[in-house]
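> Need coordinates for the below:
(one chain, ligands or ions: 1)
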Amino acid sequence: MVIVLRDIARNYLPRKPHYWYARIKLATDPLYTGVGAVLAETCEPLLDLGCGIGLLAHALRAQGFSGRYLGVDIDEEKIASARTAAARARLIGVHFETHDLAHGFPAHRGSVALLDIVQFLPPDAQDALLEAAIASLSPGAVLVMRTGLHREGWRLRFTRGVDRFARITRWMNVGPQRYPRREDLEQRFARHGLNATFAPLSGRLPFENWLICARREIASSNPSDPMTALKPD
Ligand SMILES: C[S@@+](CC[C@H](N)C(=O)[O-])C[C@H]1O[C@@H](n2cnc3c(N)ncnc32)[C@H](O)[C@@H]1O
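You can find the predicted model right below:
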């Protein structure tokens with residue numbers, strides 16, 4: 001996997017900052033293999049919201065994910081870089097679009113990835129985004145999120161500091177707004193009949209990071225779930 005990851009980074013040349021970002025992120029961040037493991041059992045189309053330069057698409061294809069992939073991000077330069085790198089790597093069924101999530105949710109049925117983005121949205125927008133993401137899950141699909149959770153401690157203080165630094169360096173166009181509470185997420189997923197798991201995903205890094213996976217089971221029969229109510233008998 002290490003050699004493959006280095007090959008992935010080369011697709012971002014000659015954009016040196018993106019090349020080095022890809023190399024360092026892929027080598028140090030357990031996110032991409034973690035999401036690959038979550039999606040190993042499904043080939044439902046994946047919508048990656050706030051996809052950045054599209055590293056996830058490369059990492060997923062390297063791990064055998066065969067579903068269609070659409071990555072959207074507000075940042076035109078990152079989307080341009082993502083498109084060039086995916087074309088160079090000859091990724092099939094991978095597309096990128098510039099899209100501001102403040103202006104609505106892209107049409108989609110399948111799985112959804114929300115990786116390091118929810119905390120950058122204002123609270124109302126977070127709620128709307130999560131509801132729209134859950135509504136778009138098809139049977140067998142997964143909502144996979146990475147975020148810090150609101151638990152006071154040094155890890156959250158460090159994570160908030162790094163998220164603020166990303167804003168100062170203009171890697172991000174906004175700073176962190178609110179880190180979700182685990183209880184709120186658990187209640188939301190339960191209301192929609194989703195099976196959710198929360199796993200720490202800090203690896204050896206000092207972040208307050210969690211990999212959260214909410215799955216819509218194929219034979220869900222929760223009568224309070226609006227998706228179940230719509231299903232024919
Ligand atoms: C920390 S980066 C995460 C990138 C990617 N998900 C990853 O983990 O490799 C957050 C991304 O969210 C994007 N973003 C922030 N606000 C957005 C919005 N309103 N609509 C779409 N994308 C947004 C940023 O441009 C940035 O690329």
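
> Could you give me the buried positions within the lengthiest helix in the chain?
Ranked by residue count and defined by DSSP state H, the top helix of the chain is helix 154-168. Residues of helix 154-168 classed as buried: 155-156, 158-160, 163, 166 (neighbour count, 16 or more other C-beta atoms under 10 Å). To be clear about C-beta, it is placed using only N, CA and C from the backbone, and glycine gets the same treatment.

> Export those to a markdown table and append columns for pLDDT and distance to the ligand.
Below are the buried residues of helix 154-168 laid out as a markdown table (pLDDT from 0 to 100; distance: C-beta to the nearest ligand atom, whole Å):
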| residue | pLDDT | distance to the ligand |
| --- | --- | --- |
| 155 | 69 | 17 |
| 156 | 72 | 16 |
| 158 | 70 | 15 |
| 159 | 73 | 11 |
| 160 | 72 | 13 |
| 163 | 72 | 8 |
| 166 | 73 | 6 |
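
> Out of those residues, flag the one nearest to residue 71.
Ranked by distance to residue 71 (C-beta to C-beta), the buried residues of helix 154-168 are led by residue 166 at 18.5 Å.

> I'd like the distance between that closest one and residue 117.
12 Å (C-beta to C-beta, to the nearest Å).

> what's the answer for residue 104, then?
Distance from residue 104 to residue 117, counting by C-beta to C-beta: 15 Å.

> Who has more neighbours out of the two?
Ranked by neighbour count (other C-beta atoms under 10 Å), residue 104 and residue 117 place residue 117 first, with 22 against 10.

> list the contacts for the closest residue to the more buried one other than its chain neighbours?
Nearest residue to residue 117, sequence neighbours excluded (C-beta to C-beta, 6 or more residues apart in numbering): residue 50, at 3.3 Å. Counting by C-beta atoms under 8 Å, 6 or more residues apart in numbering, residue 50 makes contact with 72-74, 101, 114-117, 120.

> cool, and residue 207?
148, 155, 158-159, 162.

> Please apply the same query to residue 13.
Taking C-beta under 8 Å, 6+ apart as the criterion, residue 13 is in contact with residue 19.

> repeat for residue 181
By C-beta under 8 Å, 6+ apart, the neighbours of residue 181 are 149-150.

> quick one: it from residue 91, how far?
Using C-beta to C-beta, residue 181 is found at 36 Å from residue 91.

> got it, and residue 139?
Distance, residue 139 to residue 91, using C-beta to C-beta: 26 Å.

> Which one's more surrounded, these two?
Legend: neighbour count by other C-beta under 10 Å for residue 139 and residue 91, higher for residue 91 (18 against 14).

> Name the residues of the chain found near the ligand, please.
Counting by C-beta under 6 Å from any ligand atom, the chain comes close to the ligand at 50-52, 55, 73-75, 78, 99-102, 115-117, 120, 172-174.

> Just the buried residues of these.
Buried subset of the residues of the chain next to the ligand (neighbour count, 16+ other C-beta under 10 Å): 50-52, 55, 73-75, 78, 99, 101, 115-117, 120, 172.
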